[in-house]
Every structure is written in structure tokens, then in C-alpha cells.
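Visitor: below is the sequence, then the predicted model.
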Amino acid sequence: MVSRNRTTVLWLAVVLLAVFASGCSSNASQSKGEAWKPTKPLTIVVPSKPGGGHDTTARIFAQFASKYAGQPVNILNEDQGAGVVAYTKVLQAPPDGYTIGQMAISLVTDQYLVPGVQYKYDSFRPICQIAADPNCLVVKKGGPYDKALDEFIAFAKQNPQKIRIGVSGNWTNHDYVREQIEMATGVKFQRVSVKGGAQIVMSILAGDLDAGVPYPSEIAGQVDSGQLKVLAHSGLQRLAAWPDVPTFTEKGIAVDLSVWRILAVPRGTPDNIAKGLYDIFEKAMNDPDLKKAYKDAGIGYVFKGPDATNELIKASHETYKKIIDRAGLMKK
């Protein structure tokens, strides 16, 4: 009887030691940042309507992210409030890796422009940057404003608020570029707010707008088919797709803003989940077929990791805060 009890005690001790060792091993691997892998579909929340540059970027990216995640990556369009609803949804989501925000410039400006927003530029955990695009000053080909850039600016100066320029929503990058053009040249446009870059393009073609500053992906088809003309863009280098189109800066006009698109998750997302997402996204962004899809769609390919993306957000916050102060836009 004593021998049997001693055997039982020894067996229980072995089991307990094994369980303890397993727990220690698990904790150790978690502390080392073991990569997380999703076990159900992921959602990217996009702050725009379907069809614009944001949406196009997200849908191409999601296609390839699904390939490497082993799970579907769905797109949820939340355009209400010019991005506020989308960002708030991500802010309030569980920090479990399954809700991801695709974010742009309004991330660093909403806290100054929109009363009651719950987030600031540093309220999220950035995973990576996946794109960067300039804004293109575009007019209808063959229309009344189909001019060279200097002629267009000269006309706008002589005719304040005559040229109707479309911007997407309430103070997105469209507005900041418009504001920079006005401040750098002394022109004054008639500002018309519409919903999304796709609507700007349609309105210019219909004659309801005279100009706009959408992204290349939003106008590529119409430019290549000869329906629209790009007078200049806000990047620092000429675009490979349209090498004859000048930048504003090379024309002596201090307009140099480009919109970036990043992916971010709630601030409290654990390290291992953030690392797992980054590993998936890195593979997607390095896929040659994604790069080709970006090029075909007119999306500017840029890929940066979490640290570089965080620095980009901080620098952009300073840049746009100065524009907001200079333009007197601070919310009351």
C-alpha cells in the first residue's frame, strides 16, 4: 500500500512539473514576441466610400494580405464624418488584431478641426505604411481651363472664386493642397465639398466642377483616355506614369504635400499580435503581383515598418498643425 501511494505521489509530481514547464515555456515565448496568427477573418476599416483612392488601395492590399494571413481580409467602408466614424470604430475595437484601420492625414488633424473626437494622432498603434500619393491639380481636357499651369494660376488670380474646385469631405488632404496652392500663389478658389475623389472626377467631367486635386489612382483612367488633364501634382518628383506633368515645386510654387496611407490598430494591442500582423503585411507588400497591381491602379508604392511609420505620423502632425494655425482653422 505504501509503495502504491508513493508511486501515485511521484506520478502526480511529474504531471505537475510538466504542466508548470509548459506554462513557463508558453510565457517565455510570449515574452519573446512570438508571432500571432489569425484564426478568423480580419477587417480593414476604410474612411471613405467605395471607388476612391483609399478604397482602391485597401482592396488591392486586402487581396494579398488574405493570401498570407490564411484568412479573409474584409473591407468595411465608413465614410461618415470624413473619417471620424471609421477611426472611432478602430479606437473602440478590441485590441485583438482583427480590426485594423487604414488611416491618412485626418488622423493627425481631426483633433484640431472636429469637436468631440475621442482620438489624437498618437491614439493608435501603427503597423506599417502601405502607400503614398500626391494630389493632382486636374481639369477637363478641352474645357475652359485646359491651360498650362501658369496660365491657369494667372486666370484664377484675376478671377477670384470663379474656378470651382472640388475637395473630398471636410478638410482631407484635398483641402490642405488647395489651401497650400492658395497661400503660395494668392489665388482664391470657390471651394466645393463632395463625397470622395470618384465624385470629384465625375463632377469635373459633367461640368459641375472646374478643377479638383484628387489622387493618381482616382484619375488614371480618365487621364490616359484623354478626358482629364493634370496641370501639376504635389509630390517632389515627377510621376513615372505621367513624366510630362510637372510638380508644383519645380514651377516655383511651394506645394509639397502627399497623402500617406497607413495601417494601425488600437493602442493596447499586444506586441505578439502586432508582430504577427506586420509579418503578414510585409509578405503582402513584398509580393511582386501586389506591386504590379499598385502600378496598374496608379497607387504610389511605399512600405515602411512600425517605427518609421510612427515617425512619419509625428512629422506630419507638426506640418499640418502649422497649416491649421496659419489658416485659422482651429475648432472653437
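Guide: Cool, got the structure. Numbers count the residues shown, from 1 in each chain.

Visitor: adjacent strands (with direction) for the longest strand seen in the chain?
Guide: In the chain, with assignment by DSSP state E, the single longest strand is strand 124-134. The strands beside strand 124-134 in its sheet (DSSP bridges) come out as strand 258-266 (antiparallel), strand 301-304 (antiparallel).

Visitor: among these, which is nearest C136?
Guide: strand 258-266 (10.8 Å; C-beta to C-beta). No exception for glycine: its C-beta is placed from N, CA and C like everyone else's.

Visitor: state the mean pLDDT of the closest one.
Guide: For strand 258-266, mean pLDDT is 94.

Visitor: buried set for it?
Guide: Buried residues in strand 258-266, counting neighbours by 16 or more other C-beta atoms under 10 Å, are found at 258-266.

Visitor: likewise for stretch 204-224?
Guide: 204, 209-220, 222-223.

Visitor: also stretch 244-252?
Guide: For stretch 244-252, by 16+ other C-beta under 10 Å, it's 245-249.

Visitor: which residue packs closest to I299, ignoring adjacent ones?
Guide: Once flanking residues are discounted, I299 sits nearest to S217: 4.9 Å by C-beta to C-beta, 6 or more residues apart in numbering.

Visitor: oops, could you answer that again for Y278 instead?
Guide: Using C-beta to C-beta, 6+ apart and skipping residues adjacent in sequence, the residue nearest Y278 is I127, 5.4 Å away.

Visitor: count the neighbours of that neighbour for me.
Guide: Neighbours of I127 under the rule other C-beta atoms under 10 Å: 25.

Visitor: re earlier: pipe the buried residues of strand 258-266 into CSV and attach distance to Q199 per row.
Guide: Below are these laid out as CSV (distance: C-beta to C-beta, whole Å):
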residue, distance to Q199
S258, 21
V259, 17
W260, 22
R261, 19
I262, 24
L263, 25
A264, 26
V265, 30
P266, 31
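
Visitor: ok, those vs V302, which is closest?
Guide: Checking the buried residues of strand 258-266 one by one against V302 (C-beta to C-beta), the nearest turns out to be W260, at 7.3 Å.

Visitor: quick revisit: contact partners for the residue nearest to I299?
Guide: By C-beta atoms under 8 Å, 6 or more residues apart in numbering, S217 lies in contact with 53, 56-57, 133, 297-299.

Visitor: can you check L42 too?
Guide: 65, 69, 71-74, 97-100.

Visitor: V201 and A58, how far apart?
Guide: Using C-beta to C-beta, to the nearest Å, we find V201 at a distance of 19 Å from A58.

Visitor: one more: G197?
Guide: 14 Å.

Visitor: just L263 next, same as before
Guide: From L263 to A58 the distance is 9 Å (C-beta to C-beta).

Visitor: check contacts around the residue lying closest to A82 once chain neighbours are set aside.
Guide: Residue nearest to A82 in three dimensions, not counting chain neighbours: G169, with 3.6 Å by C-beta to C-beta, 6+ apart. With contact taken as C-beta under 8 Å, 6+ apart, G169 is in contact with 79, 82-83, 193, 195-196.

Visitor: buried among these? Make that a ChimeraX selection.
Guide: The ChimeraX selection below is limited to those of those classed as buried (16+ other C-beta under 10 Å):
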select :79,82,83,196
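
Visitor: which of the contacts of G169 sit farthest apart?
Guide: Among these, G83 and S193 lie farthest apart (C-beta to C-beta), at 13.8 Å.

Visitor: in contact with the spatially most central residue of the chain: list those residues for me.
Guide: Residue closest to the average C-alpha location in the chain (C-alpha atoms, centre = their mean): R261, at 2.2 Å. Neighbouring residues of R261 by C-beta under 8 Å, 6+ apart: 54, 57, 102-104, 129-133.
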